[in-house]
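J.: No letters, just coordinates:
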Ligand code: IPM
Ligand code: MG
């Protein structure tokens, strides 16, 4: 298995280092793993003048899977848009055709009190957000900032989805639901936006192929509300790129910390890029206090979805469960009576548990 390792910016390098420790344990146990590192985001810009250097893209395309930390730092905010770290991330997603973004929100029972919601609202939460990742207003043309005849500036972005884009992400959601509680909630804004009216129609057509799955529809504003009101009503939620971006951050907080949530971004053949759902957190970068568990759990997802090695995926997830049960906590999930550890300390604890 060849893994392209892209640490990126901010806390990216320190959290990825912990995931690499985990991979090294698997390697020592006899798994054939080859890792190669390359810069992306601001690190790519600093090294090669491009947030997605050609060599990084080539390595990622040729690898079996990609492990990514995070991209972005305030110091790049004044660069032209095409040179900014986020553009590197969007280009690798698009370039590798990683259209299916899976963002599970799973609550570890011991962390119920770390959530800002009442424990009874979130206890037992196990939700999968399936976010379309290569279309929508993120990529739609025309886009840009232009100057009108009267001299006023106008910003333009375009929300677009064609049928096949909707159908392929819908299939992923239905297939995942078949392995879970057989419920799909499709989130749209069909009362206002034609793009998502089509989204809803295609989901309804697709549902005919999955008679066992119960399909429901929800407007995105209501979904945002229901996620904090009664999140356990959801099993699989499927939505477009922008709504999924927003709702997945919201869902992450149900679990206590966004620092716990992994993600997978897959193409048609289950090749994938794996990254924590959270960002680069430049404010805490280099302090060895970030939570590496989302990145470590992303490695578990890599084994589950790309390498189809469920036993190893379970082994990594069980190690994480164990360190949580043992009381190890980084600052973001720390509560009275638990043991506060650093980012590398948490990595060491997972290695010991493995
Ligand atoms: C995410 C992030 C990215 C996105 C940014 C960094 C471009 O927020 O992965 O959710 O908007 O998709
Ligand atoms: Mg986001």
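T.: Thanks, I have it. Computed from a predicted model, the values in this text were never measured in an experiment. Ligands and ions are numbered 1, 2, ... in the order given.

J.: Report the buried residues of the lowest-mean-pLDDT helix or strand in the chain.
T.: One helix or strand of the chain scores below all others by mean pLDDT, DSSP states H and E: helix 119-122, with a mean of 91. Neighbour counts using 16 or more other CB atoms under 10 Å place residue 122 of helix 119-122 among the buried residues. Every residue, glycine included, has its C-beta placed from N, CA and C.

J.: Quick check: what element follows it along the chain?
T.: strand 126-132 (DSSP states H and E).

J.: Against which helices or strands is that next one packed?
T.: Under the contact criterion of 3 or more CB pairs under 8 Å, 6 or more residues apart in numbering; DSSP states H and E, strand 126-132 touches strand 100-106, helix 163-178, strand 236-239, helix 241-254.

J.: Can you give me the buried ones in the second one?
T.: Yep, that's helix 163-178 we're talking about. Applying 16+ other CB under 10 Å to helix 163-178 flags 165, 166, 169, 170, 172, 173, 174, 176, 177 as buried.

J.: If we ignore the residues flanking it in sequence, what's nearest the fourth one?
T.: It refers to residue 170. residue 206 (4.5 Å; CB to CB, 6 or more residues apart in numbering).

J.: tell me the secondary structure for the residue in the stretch 251-354 of the chain that ligand 1 sits nearest to?
T.: Residue nearest to ligand 1 within the stretch 251-354 of the chain: residue 279 (6.0 Å; CB to the nearest ligand atom). Judged by DSSP: H, G, I helix; E, B strand; the rest coil, the three-state class of residue 279 is coil.

J.: leaving aside the residues next to it on the chain, what's closest to it?
T.: residue 70 (5.3 Å).

J.: Over to residue 195?
T.: Using CB to CB, 6+ apart, the closest residue to residue 195 is residue 159 (4.6 Å).

J.: rewinding a little: any idea how far residue 233 is from the residue nearest to residue 279?
T.: From residue 70 over to residue 233 the distance is 31 Å, taken as CB to CB, to the nearest Å.

J.: again with residue 318
T.: Counting by CB to CB, the gap from residue 318 to residue 233 is 28 Å.

J.: now do residue 225
T.: For residue 225, the distance to residue 233 - CB to CB - is 12 Å.

J.: which SS state does the closest residue to ligand 1 within the chain fall under?
T.: Per CB to the nearest ligand atom, residue 86 is where the chain lies closest to ligand 1, at 4.0 Å. Three-state call for residue 86 (three-state DSSP): helix.
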